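[1] sharing a model that was predicted from the sequence below.
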Amino acid sequence: MNNPPKRPPFLPDYARVVPPSSIVSWTLPLEVVTPLYGGGPRPRDVDRATPVRVSGVRGQLRFWWRALFAGQLRNPRALYQRERELWGGLGANAREVSCSRVSIAVSVTKTTSTESSDVTIGQPDAYALWPARETNEARAAVRFRPGLAFDLEVRVDGASPKDVAEVRGALRAWLLFGGVGGRTRRGCGAVALSTPAGRAEWLPERLDPDSVRGWLSPHPSAGKGFPSLAGAGLYVGATTPGAAPAWHAALTWLRDFRQGTNPRSTDVAAAGAFARLRPSLQPGAAGRPGRSRWPEPDVVRNAFGPRFHDHVPQIKTDDRSWPRAQFGLPIQMQFQRNARPGAQPYPNQPPPRLTVGWRPNGDKDKVSQRLASPLIVKPVQTRTGHFVSAALWLDRTLPASAQAGRVDRERRDEPQLDARTTAPMSRMPAAPLFTPLAGKTSVRDAFCDWLVATHRLNGGTL
């Protein structure tokens, strides 16, 4: 008689039997209400066969679980253990493999067509879809049009009341502030519940900070280095029947704060309220981009001299700062390469595109060119089925030693931050040309205060 081979003792029992009484599941009928971009196995590409990927939804739910509940755990080791216990993971070795208690299934019920048209500066969603534009290296990226519908089934096996409450909380946060695919922090792939019963169960009655805080019950995690909903800033605009107007309004807030140009009626003295000087207020032809009033270009000018510019720096050499890095990375800068009509030629050819990078722990870490944005701008669905424009700035504390600067690629071993441009990540300009930054200790404070002062938005801290 042949005995079956024994299973190696370190392999987990994936076929464990779960009593039906300990299984909790939900099925959510959802619709994608903004273009679905990316999220496939290749960058910039959608998965045409599986547009809503289970792995992507799982990753989003894990993120929002951390944003809600990681603050209740004592240290990173406790967070690691709890996350593996609920969501599964490979662990440090084969003996630590853990299967997830959370099962996810996606069933597409309605498909939409795809488009790959180029993205132009003037279109209302350009600030979100700019990475999808056609470049010298790649064609315009394909994305799904809004309207794709799917059923999302989430099941918790062997569920304790704590497990159920935490997975439910992650789902609620994802429905409000997440999405599917890529660029969800800029509102792509936003989802909406298709039925009144679903909205009543999964959405708060109101979208003001107090109501959302009570609905999600986030745990404070200040100083622990990961994004948190507790302490986040939430600001909402007007209600609209459809998702697109709410999304475009939220994108306009971010675009105008980072790149807004003063109107023709604004005199030079008042132009500091806008991020960019209008071409008509400086020598040159109409239609040429105005000079930026953010400090980063002058950091480069001061470091490298006239071969990098024809403008005289307006910020003194020793006031180095990279405030826009607080919005997240990557950031690439391109100096104007064509001299203004009637002006003297540039002293030397301006540099190629510059990249901003950062080191989390000063000189101890390698240079990274990526940092997820703490700011989410998107349309958020209400219980009535309407949408509001929303800006959510997650609470995130970066290491005090974090530094930002121009990435120096001249070294052959690995990129470095150029010492002539390096500054603390949290430093704000001492005497900013862009007046909304004046007196602020962070870009978050500057942006949120600007939303209230300029757009009269309601909001506050969660």
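    Looks like it arrived, so ask away. Numbering: from 1, shown residues only.
[2] mind giving me the domain ranges of this structure?
    Domain assignment for the chain by automatic domain parsing gives 20-203, 254-461.
[3] of the ones you listed, which approaches Ser228 most closely?
    domain 254-461 (4.5 Å; Cβ to Cβ). From N, CA and C alone the C-beta is placed, and that goes for glycine too.
[4] what about that closest one, how long is it end to end?
    In domain 254-461, first residue to last residue: 19 Å (Cα to Cα, to the nearest Å).
[5] for stretch 423-432, same thing?
    So stretch 423-432: terminal residues 16 Å apart, Cα to Cα.
[6] contacts for it next, please.
    Contacts to stretch 423-432, defined as Cβ atoms under 8 Å, 6 or more residues apart in numbering, come from residues 293, 295, 299, 315, 319-323, 325-326, 358, 398, 400-405, 437-438, 440-443.
[7] report the rounded mean pLDDT for stretch 103-115.
    For stretch 103-115, mean pLDDT rounds to 92.
[8] in the sheet, who's paired with the residue lying closest to Cys188 once chain neighbours are set aside?
    Nearest residue to Cys188, sequence neighbours excluded (Cβ to Cβ, 6 or more residues apart in numbering): Tyr37, at 4.6 Å. Per DSSP bridges, the residues bridged to Tyr37 are Arg143, Gly182.
[9] related to what we said a few turns ago, distance to Val212 added to the domains of the chain, as a markdown table?
    Listed next are these as a markdown table, based on distance: least, Cβ to Cβ, whole Å:
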| stretch | distance to Val212 |
| --- | --- |
| domain 20-203 | 7 |
| domain 254-461 | 9 |
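[10] hey, least reliable of the ones you listed by pLDDT?
    domain 254-461 - the lowest mean pLDDT of the domains of the chain, at a mean of 84.
[11] thinking again about what came up before, can you turn the buried part of the contacts of stretch 423-432 into a PyMOL selection?
    With 16 or more other Cβ atoms under 10 Å as the criterion, this PyMOL line picks the buried residues out of the contacts of stretch 423-432:
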select buried, resi 293+295+299+315+319+320+321+322+323+325+326+358+398+402+403+404+405+437+440+443
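[12] in strands, which of the contacts of stretch 423-432 appear?
    Members of these lying in strands (criterion: DSSP state E): 358, 403-405.
[13] which among those gets closest to Thr252?
    Comparing the ones in strands among the contacts of stretch 423-432 against Thr252 with Cβ to Cβ places Ala404 closest, at 26.6 Å.
[14] quick one: residues contacting the closest one.
    Neighbour list for Ala404: 322, 325, 356-358, 417, 422-425 [criterion: Cβ under 8 Å, 6+ apart].
[15] where do the helices sit along the protein?
    54-69, 76-87, 126-129, 161-177, 196-202, 209-216, 243-259, 296-304, 443-455 (DSSP state H).
[16] make JSON lines out of the ones you listed and add distance to Lys366.
    As requested, those are arranged in JSON lines below (distance: least, Cβ to Cβ, whole Å):
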{"stretch": "helix 54-69", "distance to Lys366": "24"}
{"stretch": "helix 76-87", "distance to Lys366": "20"}
{"stretch": "helix 126-129", "distance to Lys366": "30"}
{"stretch": "helix 161-177", "distance to Lys366": "31"}
{"stretch": "helix 196-202", "distance to Lys366": "41"}
{"stretch": "helix 209-216", "distance to Lys366": "35"}
{"stretch": "helix 243-259", "distance to Lys366": "28"}
{"stretch": "helix 296-304", "distance to Lys366": "22"}
{"stretch": "helix 443-455", "distance to Lys366": "24"}
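[17] out of the ones you listed, which gets nearest to Ser22?
    Nearest to Ser22 among the helices of the chain is helix 161-177 (9.6 Å), distances taken as Cβ to Cβ.
[18] so Thr184 makes contact with Gln60?
    Yes: look at Thr184 against Gln60 with Cβ atoms under 8 Å: they come within range, at 7.3 Å.
[19] the longest strand anywhere in the chain pairs with which strands, parallel or anti?
    For the chain, the longest strand by residue count, based on DSSP E, is strand 228-240. Neighbouring strands of strand 228-240 in its sheet, by DSSP bridges, are strand 387-395 (antiparallel), strand 458-461 (antiparallel).
[20] need the winner for burial among those.
    With neighbours defined as mean count of other Cβ atoms under 10 Å, those peak in mean count at strand 387-395, which reaches a mean of 24.
[21] got the angle for it vs helix 243-259?
    With axes from the mean of the first three to the mean of the last three Cα atoms, to 10 degrees as the basis, strand 387-395 and helix 243-259 are set at 40 degrees to each other.
[22] chain center to strand 387-395, what's the gap?
    With Cα atoms, centre = their mean, to the nearest Å as the basis, strand 387-395 stands 11 Å off its chain's centre.
[23] could you do stretch 47-54 as well?
    On the basis of Cα atoms, centre = their mean, stretch 47-54 sits 21 Å off its chain's mean C-alpha point.
[24] same question, stretch 30-37
    Put simply, stretch 30-37 sits 17 Å off its chain's centre (Cα atoms, centre = their mean).
[25] can you check stretch 75-93 too?
    Mean-position distance between stretch 75-93 and its chain equals 24 Å (Cα atoms, centre = their mean).
[26] was I right about Arg183 contacting Pro131?
    Yes: using Cβ under 8 Å, Arg183 is in contact with Pro131, at 7.0 Å.
[27] between the two, who's got more neighbours?
    A side-by-side neighbour count of Arg183 and Pro131, using other Cβ atoms under 10 Å, places Arg183 first with 21 against 17.
[28] any idea how far Ala128 is from that one?
    According to Cβ to Cβ, to the nearest Å, Arg183 and Ala128 sit 6 Å apart.
[29] ditto for Glu201
    In this view, Glu201 and Ala128 are 29 Å apart by Cβ to Cβ.
[30] so which of these two has more stuff around it?
    Ala128 (26 against 14).
[31] so who does that one touch?
    34, 37, 183, 186-188, 247, 251.
[32] number of nearby residues for Arg84?
    Neighbourhood size, Arg84 [other Cβ under 10 Å]: 17.
[33] could you find the closest non-adjacent residue to it?
    Here the residue nearest Arg84, using Cβ to Cβ, 6+ apart, is Ser98, at 4.7 Å.
[34] touching, the one you found and Leu86? I think so.
    No: look at Ser98 against Leu86 with Cβ under 8 Å: they stay out of range, at 9.4 Å.
[35] higher neighbour count, those two?
    Ranked by neighbour count (other Cβ under 10 Å), Ser98 and Leu86 place Leu86 first, with 22 against 16.
[36] wait, doesn't the more buried one sit right on Arg101?
    Yes: Leu86 is within contact range of Arg101, at 5.6 Å (criterion: Cβ under 8 Å).
[37] give me the nearest residue to Ala446, chain neighbours excluded.
    Lys440 (4.1 Å).
[38] hang on, I meant Arg291
    Among residues not flanking Arg291 along the chain, Leu277 sits closest, at 4.7 Å (Cβ to Cβ, 6+ apart).
[39] the one you found: how many residues sit nearby?
    Leu277: 20 surrounding residues under other Cβ under 10 Å.
[40] list the residues that contact Asn262.
    Asn262 makes contact with 270-271, 273-274, 276-278, 281, 290 under the criterion Cβ under 8 Å, 6+ apart.
[41] can you flag the buried ones in those residues?
    The neighbour count (16+ other Cβ under 10 Å) marks 271, 274, 276-278, 281, 290 as buried among those.
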